[in-house]
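[1] show me the folded form of this:
(one chain, ligands or ions: 1)
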Amino acid sequence: MTSRAKEHPRPLRVAVVGVGNVGATFAYALLFSGLAAEIVLIDVNRAKADGEAMDLNHTVPFTYPTKIWAGDYSDCFGATVSVLAAGAPQKPGETRLDLIKKNAAIWREIVPKVVKHNPEGILLIATNPVDVLTYAAWKLSGLPPGRVIGSGTILDTSRFRYLLSQHFGVDARSMHAYIIGEHGDSEVPVWSSANIAGMRLADFCKAQGRPYDQQAMEEIFVQTRDAAYRIIERKGATYYAVAAGLMRITQAVLRDQSTVLSISSLIADYYGMTDVCFSLPTVIDRRGVDKVLRLELSAQEVEKLRHSAEVLKATLNQLEL
Ligand SMILES: NC(=O)c1ccc[n+]([C@@H]2O[C@H](COP(=O)([O-])OP(=O)(O)OC[C@H]3O[C@@H](n4cnc5c(N)ncnc54)[C@H](O)[C@@H]3O)[C@@H](O)[C@H]2O)c1
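    Predicted coordinates for the structure are as follows:
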């Protein structure tokens, strides 16, 4: 090896395991960002991974020089982030728990393989139920909890901010509000700190001379919570917004941005809740989770969050991890 080759730093690699709708859309978004020098695609369906790699490579002349290939687990070596979006499809008549058990079995197979070849990287989980599989990935990987991140409510928070921004007539980026807890039916809207320019929503309305419409707020939350059902009824799957969320998390890691994002990670004693993964606003940097922010919640929000944590624990107990 020449001395130049020895000195040459390794190019930034991102691995994607499971290149279905979510994994492939994430890889596409990543390619357009120009952030990764190498993107490796891994799927049990090798032909699918090959096809996606070919299609993405034909995008390179319009985007950034990037090495993209269909690989195997040994190619996770050196990846800064490995996105896990592999999952079994739900079959007719199958219960939610059947599907969870199937995805947990996939996890038992793939997580140790990724970590064997990449003990230093960050795992970013997308597959549902994302909070349960984030916890499972932490247990199965043996990695420090800060290096196992679930996309959690990054998607729900984005849906919430979008819908609220439409109601209040401001840019979604100027609309600050979080969904916390489970990515799913028990998720919790944090009304107590929702704001525009630091003004609580009721104060914003007062300043604008308009009434604060509590009923409309409730409806926005229901639309947020149930958005996946409504999209799946129409197009069979959801993937653009979650891929954008995965991209935002990956960017925060690769560029060491210390960005606050609502993501799922191991919770240690928050209002007495512990040993479960769910979402809270979290500072994400090159090491993964820097800090989970301990939001001050109203008593009612704490109660709802406790319920969310219990729902998740009940599922975890059925998996015997
Ligand atoms: N976290 C979120 O916010 C969010 C949003 C949307 C979808 N999802 C979830 O993401 C997951 C993927 O959704 P999708 O629409 O891309 O599904 P999909 O069926 O299109 O893709 C899943 C891929 O995983 C692959 N796969 C299955 N078993 C594997 C294994 N053992 N090893 C490697 N690859 C394997 C399949 O071949 C397929 O290509 C689902 O669990 C879905 O519920 C999560």
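[2] from the chain's centre, how far out does stretch 32-44 sit?
    In terms of CA atoms, centre = their mean, to the nearest Å, the centre of stretch 32-44 is set 17 Å apart from its chain centre.
[3] residues contacting that stretch, please?
    For stretch 32-44, the surrounding residues in contact (CB atoms under 8 Å, 6 or more residues apart in numbering) are 11-20, 23-24, 27, 30-31, 49, 52-53, 56, 63-73, 75-76, 79, 86, 247, 250-251, 254-255. To be clear about C-beta, it is placed using only N, CA and C from the backbone, and glycine gets the same treatment.
[4] touching, His117 and Phe77? I think so.
    Yes: the pair formed by His117 and Phe77 meets the contact definition of CB atoms under 8 Å, at 4.8 Å.
[5] ok, Val190 - how many residues close by?
    Applying the criterion other CB atoms under 10 Å, we find 23 residues in the vicinity of Val190.
[6] should've said Met273
    The criterion is other CB under 10 Å. On that basis, Met273 has 19 neighbouring residues.
[7] number of nearby residues for the closest residue to it other than its chain neighbours?
    The shortest distance from Met273 to any non-neighbouring residue, by CB to CB, 6 or more residues apart in numbering, is to Ala309 (4.6 Å). In terms of burial, Ala309 registers 24 neighbours under the definition other CB under 10 Å.
[8] tell me if I am right that Ala309 is in a strand.
    No: assigned with DSSP: H, G, I helix; E, B strand; the rest coil, Ala309 falls outside any strand and is helix.
[9] list the contacts for it?
    Contacts of Ala309 (CB under 8 Å, 6+ apart): Gly181, Ile267, Met273, Val276, Phe278.
[10] check what pLDDT the closest residue to Arg230 other than its chain neighbours gets.
    The spatially closest residue to Arg230, leaving aside those adjacent along the chain, is Gln223, at 7.8 Å (CB to CB, 6+ apart). Looking at Gln223, its pLDDT reads 98.
[11] okay, and for the stretch 51-200 of the chain, where does confidence drop off?
    Low-confidence regions of the stretch 51-200 of the chain, defined by pLDDT under 70, are absent; no residue qualifies.
[12] where do the helices sit along it?
    In order along the chain, the stretch 51-200 of the chain carries the following helices (DSSP state H, counting those that start in this stretch): 96-117, 130-141, 154-168.
[13] what comes up buried for stretch 209-222?
    Of the residues in stretch 209-222, Met217, Ile220, Phe221 count as buried by neighbour count, 16 or more other CB atoms under 10 Å.
[14] the first one against Arg200, yeah?
    No: Met217 is not in contact with Arg200 according to CB under 8 Å; the separation is 11.9 Å.
[15] look up how far Arg306 lies from the residue in the stretch 1-150 of the chain positioned nearest to the ligand.
    Nearest residue of the stretch 1-150 of the chain to the ligand (CB to the nearest ligand atom) works out as Gly20 at 1.7 Å. Distance from Gly20 to Arg306, counting by CB to CB, to the nearest Å: 34 Å.
[16] up against the ligand, what does the protein have?
    If contact is defined as CB under 6 Å from any ligand atom, the residues of the chain in contact with the ligand are 17-23, 43-45, 48, 85-89, 106, 109-110, 126-128, 130, 151, 155, 183, 237-239, 242.
[17] so which of these sit within strands?
    Val17 (DSSP state E).
[18] give the ChimeraX command for selecting the buried subset of the residues of the chain next to the ligand.
    One line in ChimeraX is enough to select the buried members of the residues of the chain next to the ligand, burial here meaning 16+ other CB under 10 Å:
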select :17,18,19,20,21,22,23,43,48,85,86,87,88,106,110,126,127,128,130,151,155,183,238,239,242
